[in-house]
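Below are the sequence and a predicted model for it; my questions follow.
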Amino acid sequence: MKFAKPALFLFIAIMPLLVQSVFAQENKKIWAEQIILSYIEAKGLDIHPSTEEYANLMKGILLGEHPDLTGKDSIFVTSDLERDYVIDYAAALMNLEAEKYLGGFEEPDVKEVKQVISERGQESRTAFSSLTSNRSNAIDYAYTWSISGGTSRNPAYPDFGADDCTNFISQAMHAGGFAKSGSGDGCKHEDTSTKWYVNANPSPPLWCIGDFRNWEWSTSWSVPWPFRNYFAYQNSFAIEHGWTLDASVAKYYLSPGDVVQLQYKDGSGNWISYHTMIATMEDDNELYVTYHSNAGGLDEVDKPLSSIPTGSSQRYVLVTILYPMVYLPIVINSGSNAVTQLDNLPPNPYPEPMQPNQSTLSTPYPAP
């Protein structure tokens with residue numbers, strides 16, 4: 001009993017701080033919602049809270065599809081603090097939508113990566129960024145099977161509609177020389193990060209019902225965190241550098257052919273990977289990404305990474321892909337000492353020689 005009074009005094013002391021924190025969070029939510037509703041009204045959009053269209057708007061905000069709202073010249077968001085409130089709000093609603101297909105995987109903590117200018121670091125980056133034929137094949141595949149403002153789907157694979165991002169990147173990795181590993185367990189998805197595959201399932205058992213019963217795939221093929229786990233942790237196919245809020249840091253560490261994932265912070269403070277993209281181009285100032293399934297379910301091609309906003313509830317995760325080495329015959333040009341290894345490369349053998357399934361669906365794939 002002698003500890004009762006100190007405990008009571010401690011509770012009384014911290015109670016105002018807890019109440020203040022709750023009210024602060026609620027005020028941020030109200031503030032962000034008012035900003036977004038003002039944007040909807042100004043743009044003449046027929047979108048209302050608690051609707052599917054509103055949820056899609058939140059995804060679009062996180063993917064940088066509304067620069068008039070979250071861009072630097074926005075008249076709706078007048079400070080970095082307000083921008084952060086809007087991103088926090090969108091991420092909170094995104095959390096509710098994403099639960100249905102991300103499967104509740106627990107991810108380990110990811111370290112922050114910062115740009116370090118050093119001779120050694122620059123040499124390391126240059127070694128990773130050399131454009132081998134396999135890396136080029138992955139980039140070419142991404143361009144071949146994506147249409148900016150439309151949809152392009154390889155019929156040799158399932159189409160997961162609005163949730164096709166990681167499925168598409170896995171296809172590009174396969175075109176880039178990574179072999180599938182494992183096989184199905186008879187019906188649709190298999191919850192695993194130790195296998196990486198997708199296969200047609202033309203004769204599923206009678207007990208296998210529902211959408212996508214004509215396919216079998218691993219979650220590492222189709223879900224962001226299991227994909228990164230398979231490539232960077234279960235195998236030595238990739239290097240996970242860590243997270244950053246700065247697109248210039250991403251450009252420093254990554255090159256075309258590498259992968260960027262997006263994470264949001266859920267209500268418990270956990271960071272959840274929800275979107276996968278491939279870098280397809282870079283210039284002196286920018287890294288550009290290509291991916292399937294924006295807020296409208298459409299493709300994005302060569303989108304500036306910096307146009308995707310970051311903040312206290314959204315960040316980039318940087319992944320360098322270590323493509324398989326290709327050993328090519330050396331060709332000596334007649335009449336000179338010039339040497340080339342690239343002139344007689346065979347074409348990239350995609351689409352994959354798999355029997356296409358004619359009944360691909362555009363609905364989101366079920367949770368693992």
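Okay, I see it. The structure displayed is predicted, hence computed values, not measured ones.

Residue 271: neighbour count?
Counted with other C-beta atoms under 10 Å, residues neighbouring residue 271 total 19. Where you see a C-beta, it was placed from the backbone N, CA and C, and this is true even at glycine.

Just to check, it is in contact with residue 106?
No. The criterion here is C-beta atoms under 8 Å, and residue 271 misses it with residue 106 at 10.7 Å.

Give me the distance between residue 192 and residue 202.
Going from residue 192 to residue 202 by C-beta to C-beta, to the nearest Å gives 22 Å.

which of the two has more neighbours?
Comparing residue 192 with residue 202 by other C-beta under 10 Å, the one with more neighbours is residue 192, at 20 against 9.

didn't the more buried one look like it was pressed against residue 221?
No. The pair residue 192 / residue 221 is not scored as a contact, 9.6 Å apart, by C-beta under 8 Å.

and the closest residue to residue 28 other than its chain neighbours, which of the three is it?
Using C-beta to C-beta, 6 or more residues apart in numbering and skipping the chain neighbours, the partner closest in space to residue 28 is residue 85 (5.0 Å). Classification of residue 85 by DSSP: H, G, I helix; E, B strand; the rest coil places it in helix.

residues in contact with residue 85?
By C-beta atoms under 8 Å, 6 or more residues apart in numbering, the contact list for residue 85 reads 28, 31, 32, 35.

Buried among the residues you listed? Make that a PyMOL selection.
Filtering these down to the buried ones (16 or more other C-beta atoms under 10 Å) takes a single PyMOL command:
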select buried, resi 28+32+35
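
Against residue 320, how distant is residue 91?
Going from residue 91 to residue 320 by C-beta to C-beta gives 26 Å.

Neighbour count for these two, which is higher?
In this view residue 91 and residue 320 are compared by other C-beta under 10 Å, and residue 91 has more residues nearby, 25 against 21.

Just confirm residue 303 is within a strand.
Yes. Assignment of residue 303 by three-state DSSP places it within a strand.

partner residues bridging the closest residue to it other than its chain neighbours?
The shortest distance from residue 303 to any non-neighbouring residue, by C-beta to C-beta, 6+ apart, is to residue 289 (5.5 Å). The partner list for residue 289 in beta bridges (DSSP bridges) reads residue 279, residue 303.

I figured residue 289 hits residue 280, correct?
Yes. The pair residue 289 / residue 280 is scored as a contact, 6.7 Å apart, by C-beta under 8 Å.

intersection of neighbour lists for the two?
residue 302.

So between these two, which is more surrounded?
Each of residue 289 and residue 280 has its neighbours counted (other C-beta under 10 Å); residue 289 has more, 27 against 23.

List the residues that contact the more buried one.
260, 277, 278, 279, 280, 300, 302, 303, 305.

Would you mind measuring from it to residue 75?
Distance of residue 289 to residue 75, computed by C-beta to C-beta: 27 Å.

cool, residue 246 as well?
Separation of residue 246 from residue 75 (C-beta to C-beta) stands at 25 Å.

So the two - more neighbours on which side?
For residue 246 versus residue 75, neighbours defined as other C-beta under 10 Å are more numerous around residue 246 (16 against 11).

show me where pLDDT drops low in this protein?
1-26, 95-104, 116-131, 326-368 (pLDDT under 70).

At which residues are the helices of it located?
With DSSP state H as the criterion, the chain has helices at 4-43, 52-62, 67-70, 80-102, 119-129, 133-144, 165-175, 219-222, 224-228, 247-253.

roughly how far is the second one from the heart of the chain?
Centroid displacement of helix 52-62 relative to its chain, using C-alpha atoms, centre = their mean, to the nearest Å, is 16 Å.

Could I get the buried residue list for that helix?
For helix 52-62, by 16+ other C-beta under 10 Å, it's 55, 56, 57, 58, 59, 60, 61, 62.

Pull out the CA atoms of stretch 182-194 and give them to me as PDB.
Output of stretch 182-194 as PDB, limited to C-alpha atoms (Å, rounded to 0.1, in the frame of the first residue of the first chain):
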ATOM      1  CA  GLY A 182       9.500 -23.200 -55.500                       C
ATOM      2  CA  SER A 183       6.000 -24.100 -56.700                       C
ATOM      3  CA  GLY A 184       2.400 -23.900 -55.500                       C
ATOM      4  CA  ASP A 185       0.600 -25.800 -52.800                       C
ATOM      5  CA  GLY A 186      -2.500 -26.500 -55.000                       C
ATOM      6  CA  CYS A 187      -4.500 -23.300 -54.600                       C
ATOM      7  CA  LYS A 188      -3.800 -19.600 -55.100                       C
ATOM      8  CA  HIS A 189      -1.300 -17.800 -52.800                       C
ATOM      9  CA  GLU A 190       1.200 -19.400 -50.500                       C
ATOM     10  CA  ASP A 191       2.400 -17.400 -47.500                       C
ATOM     11  CA  THR A 192       6.200 -17.600 -47.800                       C
ATOM     12  CA  SER A 193       9.300 -15.400 -48.200                       C
ATOM     13  CA  THR A 194      11.600 -18.400 -48.900                       C
END
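
how about it: buried residues?
Neighbour-count burial for stretch 182-194 flags 182, 184, 187, 188, 189, 190, 192, 193 (criterion: 16+ other C-beta under 10 Å).

Which one of the residues you listed is nearest to residue 325?
For the buried residues of stretch 182-194, the residue nearest residue 325 by C-beta to C-beta is residue 182; the value is 23.2 Å.
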